[in-house]
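# Mind folding the following:
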Amino acid sequence: MDFKSFLSYEILSNTVQDFIYTIILFLSITLTIYIVKSLLRRYFQGLFSKKKKTIRNFWINSAINNLIPLLYLGAFYLSIDHLHLDLRFETVLGRVFLFFIVFYSCIFLSSLTSHAVESYLSQFKTDGEIGKFDKIIKNIIRAIIWFIGLMVFLDHAGIKLAGFLTGLGVGGIALAFLAQSLLKDALSYFSIYVDKPFEVGDLVTIDEFTGTVEATGIKTTKIRSVSGELVVFSNVDITGSRVRNFQKMDERRALLTTSVIYKTSAKTLASIPKILSSIVAENERTRLVRCNLKELGKFSIDFETVFYVNSRDLIIYMEVLEKINLRIKEVFDKKGIVFAYSTFYTKTTFR
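Numbers count the residues shown, from 1 in each chain. Alright, predicted model coming up:
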């Protein structure tokens, strides 16, 4: 057999010459893609070394790593396009090619969305905090992308999905009802994570409970109350309540009511606001706002003093109040001012 006859020899309805041409074409396109990829990588690596990493640079890097392999597949598909292939083989080859397109596209989109979520949520992180919610968001988005990719592949592969999607829809509705509470808590956790009404270690009051935040999870937040017990709140309850965070304030407001008897003279009554104001002002940790005769009550004459203690610490706040109250008692005793008090008689019936 001479060389010409060898080139004309048919294998699977194609000549040897056709196969040689296919191989040469594939190697040529592959070599071109490799050279272009090397040049692009070298150019953009130099660009990355000069500038900070931005979303544009991330897009370029992801495209080089995830989309270039599709060009190799395209080179192979283009090279064998002129060959006469069996219909079943062409069908299988087309599905394989579609599989790789969907596969690399999902990887590319997953990396982009993960980077976008991480970049957005990073602005809410403080003191090196490693967030947990960004991982959940990225996993959910990644699952959605791969699910859509699977549906696209199965649909183009000729697999009927009507019954599957119907069952999936019914199951999804049932699952949504079952997971409704968990989803509400997860969304509430996201709200807490982003808005940061409190952090671990903060002293807060939620409704009538006061305590220190120990941990915040996807479903619940744990608070150690001032009396020592651990109180567990669902995140939905917290976002639906009024949260007072004492850690965020620079000073505490104090409202002091002082009551004296009706036998106190008018001259003495007029001097009491000045006495109370001077007692509050002499403490270096206080800032006086006002002191007034508030009302003539049923059993006493009441004075109201408003001031701020320049500390968020509850212990310091209570110590300042204690000193002021003791000082008021001391001054009133010296000046003969009598505090008002009530006597209650309790009748107990035994059965």
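
# okay, CA-based contacts and neighbour counts for the rest of this
Will do.

# What is the longest strand of the protein by residue count?
For the chain, the strand with the greatest residue count under DSSP state E is strand 286-296.

# which residues touch that one?
Contact with strand 286-296 is made by 273-274, 276-277, 280-281, 301-310, as judged by Cα atoms under 8 Å, 6 or more residues apart in numbering.

# Most widely separated two among those?
301 and 310 (29.2 Å; Cα to Cα).

# For the two, work out which one has more neighbours and name it.
residue 301 (20 against 17; other Cα atoms under 10 Å).

# which residues does the more buried one contact?
259-262, 293-295, 340.

# and which of those is nearest to residue 191?
Nearest to residue 191 among the contacts of residue 301, with distances taken as Cα to Cα, is residue 294, at 42.5 Å.

# With adjacent residues omitted, what lies nearest to the closest one?
residue 303 (5.0 Å; Cα to Cα, 6 or more residues apart in numbering).

# Checking that neighbour next. Helix, strand or coil?
strand (DSSP: H, G, I helix; E, B strand; the rest coil).

# Just list the residues touching it, thanks.
257-259, 273, 291-295.

# Pipe these into a markdown table and attach neighbour count, pLDDT and distance to residue 317 per row.
Shown next, in a markdown table, are the contacts of residue 303 (neighbours: other Cα atoms under 10 Å; pLDDT from 0 to 100; distance: Cα to Cα, whole Å):
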| residue | neighbour count | pLDDT | distance to residue 317 |
| --- | --- | --- | --- |
| 257 | 14 | 92 | 16 |
| 258 | 18 | 92 | 18 |
| 259 | 20 | 92 | 22 |
| 273 | 18 | 94 | 22 |
| 291 | 21 | 94 | 19 |
| 292 | 17 | 93 | 22 |
| 293 | 17 | 93 | 24 |
| 294 | 14 | 91 | 24 |
| 295 | 12 | 91 | 27 |
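
# just the residues you listed now: which is nearest residue 237?
Nearest to residue 237 among the contacts of residue 303 is residue 257, at 34.3 Å by Cα to Cα.

# Could you give the bridge partners of that closest one?
residue 304 (DSSP bridges).

# Relative to residue 142, how far out is the residue lying closest to residue 101 once chain neighbours are set aside?
In this structure, residue 101 finds its nearest non-sequential neighbour in residue 70, 6.5 Å apart by Cα to Cα, 6+ apart. Distance of residue 70 to residue 142, given as Cα to Cα, to the nearest Å: 20 Å.
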